[in-house]
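1. Sequence first, predicted model second:
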Amino acid sequence: MIKNSHQYNITKYWVERFTQALVTLRENEAKKLKDPDGWQLLQDSYHCRILRLRGEITEYEILLAHDRDRPVSLSITEIRKISDALIKARIAFKISQKELGMLCGRTEEQIQQYEVKDYQNASFC
């Protein structure tokens with residue numbers, strides 16, 4: 001899950017790198033002839049990674065484009081997904097980590113650390 005603009009930019013960079021690697025692999029006829037199964041496995045793994053990263057990019061862009069005056073519909077099917085929902089809601093409502101910290105009596109750095117650790121050690125009291 002992309003949690004901030006820095007991760008967004010890094011994810012876009014990796015999509016580009018995997019795409020380039022896929023193109024290079026597809027052009028490598030020698031590898032394809034020498035090890036067709038390995039060649040196909042690499043191609044499939046690159047393609048799968050590209051799709052997953054593009055999905056994360058799309059999700060982040062949708063959250064950024066959300067109208068903060070409208071409710072956010074987030075589905076939580078497992079208790080361990082609550083941290084994702086908290087982060088998505090913050091992004092969709094266009095609340096910075098600094099603003100969230102001010103709202104709940106925490107520092108921006110504390111919010112950043114909570115999000116890095118998916119709120120595992122956060123205290124809500």
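-> Nice, I can see it. Just so we're clear, the structure is a prediction, and the values are computed from it rather than from any experiment. Numbering: from 1, shown residues only.
2. residues in contact with stretch 109-125?
-> 3-4, 82-84, 86-87, 97-98, 100-101, 106 (Cβ atoms under 8 Å, 6 or more residues apart in numbering). Placement of C-beta: from N, CA and C, glycine included.
3. Any of those residues buried? List them.
-> 3-4, 83-84, 86-87, 97, 100-101, 106 (16 or more other Cβ atoms under 10 Å).
4. Among these, which lie within helices?
-> 83-84, 86-87, 97, 100-101 (DSSP state H).
5. How confident was the prediction at residue 11?
-> pLDDT recorded at residue 11 is 98.
6. now do the one 10 residues further on
-> In the prediction, the pLDDT value recorded for residue 21 is 97.
7. Hmm, residue 47 and it touching each other?
-> No: the pair residue 21 and residue 47 does not pass the contact test of Cβ atoms under 8 Å, sitting 10.5 Å apart.
8. related to what we said a few turns ago, turn the buried ones among the contacts of stretch 109-125 into CSV, columns for pLDDT and distance to residue 119.
-> Formatted as CSV, the buried ones among the contacts of stretch 109-125 follow (pLDDT from 0 to 100; distance: Cβ to Cβ, whole Å):
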residue, pLDDT, distance to residue 119
3, 94, 11
4, 94, 15
83, 89, 4
84, 90, 9
86, 90, 6
87, 93, 8
97, 95, 13
100, 94, 12
101, 93, 13
106, 92, 12
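9. so, if you compare the residues you listed, which one comes nearest to residue 74?
-> residue 84 (8.2 Å; Cβ to Cβ).
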